[in-house]
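Chemist: I would like to see how this sequence folds:
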Amino acid sequence: MIGAEAGFLKVSIARPALVGWLHAAPTAACRWDDWSRRIWHVDGAARGAIFDDRTLADAATVAARFAINHDLLLHLIGGAAAPSIAAFDNNGVFVAGTMCCSVRPGDILAFLALARSLMDHLDRDGHAIAVVRNHGWSHGDAEATIDALLVRPFGEQRDQIRIPVIADTRH
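Modeler: Numbers count the residues shown, from 1 in each chain. Okay, here's the model as predicted:
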């Protein structure tokens, strides 16, 4: 089901490392055991993780359908009703995203796990930011960010970050 969730990924990465990541096999979300300790924001309220073992299994099923990360990424952002983008610039910045992605927790988790898998491909100065927001209720006092990750190279600390509502554009 497509909804008002937007998925966005921005990565500072060398071109050979990006190509390596795009051609690597997807990593199952169960590689990391801290998903249940993350705070997700749903319907404007902070909650514990909105997924359970079934959602982890759903995310693994989604990832297992694809041989390489490139194809999984295209599925997660390219199958949406809204336009999607994927681009790499001359400064070593890769961006990918869509304004309408799946609202299924398993798909959201597969997107976040895909972003986390970048840790194995980043050099010391590389990093990635992944954000899932619900722009359908991103106004004023509502918390629109469902989850956001800051990904650093393997062995570095990874943090959950908060992306605040920048401005209320409704008048």
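
Chemist: can you give me the strands for this protein?
Modeler: 2-12, 39-42, 45-48, 84-88, 93-102, 127-134, 145-151, 159-160 (DSSP state E).

Chemist: ok, Pro78 touching Ser84?
Modeler: Actually, residue 78 is Gly rather than Pro. Yes - applying Cβ atoms under 8 Å, one finds Gly78 in contact with Ser84, separated by 5.0 Å. In short, each C-beta sits where N, CA and C put it, glycine included.

Chemist: Mutual contacts of these two, please.
Modeler: Residues touching both Gly78 and Ser84 by Cβ atoms under 8 Å, 6 or more residues apart in numbering: Thr98.

Chemist: Where does the prediction get shaky in the chain?
Modeler: Residues of the chain meeting the criterion pLDDT under 70: 1-4, 36-51, 79-82, 135-146, 155-171.

Chemist: Could you list the buried residues of stretch 65-77?
Modeler: Phe66, Asn69, His70, Leu72, Leu73, Leu74, His75, Leu76, Ile77 (16 or more other Cβ atoms under 10 Å).

Chemist: Can you list the neighbours in contact with it?
Modeler: 7, 9, 21-26, 62-63, 84-86, 96-98, 101-102, 107, 110-111, 114, 117.

Chemist: One more pass at 6 Å, please.
Modeler: Gly7, Trp21, Leu22, His23, Ala24, Pro26, Ala63, Ser84, Ala96, Thr98, Phe111, Leu114 (Cβ atoms under 6 Å, 6 or more residues apart in numbering).

Chemist: Give the closest residue to Pro26 in space, chain neighbours not counted.
Modeler: Ala63 (3.9 Å; Cβ to Cβ, 6 or more residues apart in numbering).

Chemist: For Leu76, see how far away that neighbour is.
Modeler: 10 Å (Cβ to Cβ, to the nearest Å).

Chemist: In PyMOL, how would I select the buried members of the contacts of stretch 65-77?
Modeler: Applying 16+ other Cβ under 10 Å to the contacts of stretch 65-77 leaves a buried subset, and the PyMOL line that selects it is:
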select buried, resi 7+21+22+24+26+63+84+96+98+111+114
